Each structure stands twice: as structure tokens, then as C-alpha cells.
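**Q** Requesting a structural model of the entry that follows:
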Amino acid sequence: SMPRTGHDRTPAWIPERHVQQYFIPSFRAAIQNANVLTVMSSYSEYDGVPMTANHHTLTDVLRDQLGFQGMLVTDFSEIINLQTWHKVASDNDDAVKLSLSETSVDMSMIPFDVESFRQSVLNALNTTSAACPSLPVSRI
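**A** Model (predicted):
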């Protein structure tokens, strides 16, 4: 990674050309040559978007460009951190809906309240809006 300050949870501002030239080759080798089965999204932000809500990185690049078909897991509590740390979701339901609708996350590391998280997933499945017309039910 290339965090701005070198500290944990520091946003990374990396030009897309640098991502493609310097970072993607090692991921491509791991996915296409070593047949990696699991990838974990990080705590950080990339270009101002928290990784666990980053459609470009987790779907366009990881799934589509690199062809990753394995399991994508969040880092510890990262979906809930969309509300509590990154401040891009208004509540837990919104955080779950944001991550499920914007990314290709398959599993969330839920640290404390599994029942609340489960209820947020059910709420996301039972509500639709212009911002989130549908969720990828096949992954849930």
C-alpha cells in the first residue's frame, strides 16, 4: 500500500496509472497464477472512497479486470466502520446497504453484534430506493 502518512487507516492517494503499473501486477500474479481463493479489503480509503464501499477497486478492478472469482472478505468491522469511522453511512443499515450494493464483498467480519448485522442485511433486502434499486441477492 501507499498511505499518505505511513500510518494505519491513512487514506491512499495513488494515481490510477501507478496502481496499474506498480500494484496490479502482483495481484494479477496471485490471482491468475497462484489461484488465490480469498482476498481481504483493507481499512483504508483509496482516492477518498473507503475500500469496503469502493466499487471501482473491488468490482471493476478485482473482479472484472483481474478475474478474481474467490471470496472477498472485509477487514475487522469494516462495514460498520463505514458509519462509525469513515462517516459515509448514516447508520448500520445504511452501511450494510452501501457495501452490498457498491462492492462484491462476500463475507463481513462482524466483531460484536451478529444479530444487529443480520437484521441490517434483512432490512437492506426488504427496502429499495433510487440510490439502491437492488442488491446482489445471489451473493447473500
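
**Q** Would you mind listing the residues in contact with residue 68?
**A** Neighbouring residues of residue 68 by C-beta atoms under 8 Å, 6 or more residues apart in numbering: 31, 36, 39, 62. C-beta here means a position set from N, CA and C on the backbone, and glycine is covered the same way.

**Q** Just the buried ones from these?
**A** 31, 39, 62 (16 or more other C-beta atoms under 10 Å).

**Q** quick one: which of the residues you listed is nearest to residue 102?
**A** residue 62 (12.8 Å; C-beta to C-beta).

**Q** for the closest one, helix, strand, or coil?
**A** Under DSSP: H, G, I helix; E, B strand; the rest coil, residue 62 falls in the helix class.

**Q** what are the ranges of the helices in the protein?
**A** 16-18, 24-28, 55, 78-84, 92-102, 114-126 (DSSP state H).

**Q** State the pLDDT value of the closest residue to residue 39 other than its chain neighbours.
**A** Distance criterion C-beta to C-beta, 6 or more residues apart in numbering; nearest residue to residue 39, sequence neighbours excluded, is residue 72 at 5.3 Å. The per-residue pLDDT reported for residue 72 equals 94.

**Q** Excluding sequence neighbours, find me the nearest residue to residue 66.
**A** Here the residue nearest residue 66, using C-beta to C-beta, 6+ apart, is residue 31, at 5.1 Å.
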